[in-house]
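>>> here is my input, please return the structure:
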Amino acid sequence: MVQHSYSKHQKIRVLKRWKEPHGLTLRDIARREKIGKSCISRWIRNEANPVAIKRRGAVHPELEKELARWVLEERSVGLKVCDSHIRETALEIAKRDDLAEFRASVGWLVNFKKRHRLS
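This is a model prediction of the structure:
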């Protein structure tokens, strides 16, 4: 199964189309938008909860910006940067910047790499 990511604007467009008095079924909309019916159904169910549609950004954007820059610099000189090294460096930056609540969890790392298009 392939997992897709849809932008907030795509979701809003589909939800607007669903609300229009058009006579289209959920199946018709899914086919036109090339999105699974179950996905659209979930958006409709979660529409009252904007957090379900809104994509969350970085909690500490300055830390992430510096860390992403560091990763790219390391890679540009031919060094491999493993996940544990990224997490360690993130914790060092957080400590330096007095971000005591910051935790470089595995989930944070996965999302950090997605946000900065790192693999």
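>>> what's the local residue count around Val71?
19 (other Cβ atoms under 10 Å). Using the backbone N, CA and C atoms, a C-beta is placed for each residue, glycine as well.
>>> and for Trp43?
19.
>>> ignoring the adjacent residues along the chain, who's closest to it?
Nearest residue to Trp43, sequence neighbours excluded (Cβ to Cβ, 6 or more residues apart in numbering): Lys11, at 5.3 Å.
>>> thought the one you found was touching Arg42?
No: counting by Cβ atoms under 8 Å, Arg42 is not a contact partner of Lys11; they are 10.0 Å apart.
>>> ok, the two, which is more surrounded?
The neighbour comparison of Lys11 against Arg42 (other Cβ under 10 Å) goes to Lys11, with 21 against 13.
>>> pull the longest helix from this protein.
Scanning the chain for the longest helix, with DSSP state H as the assignment, gives helix 61-76.
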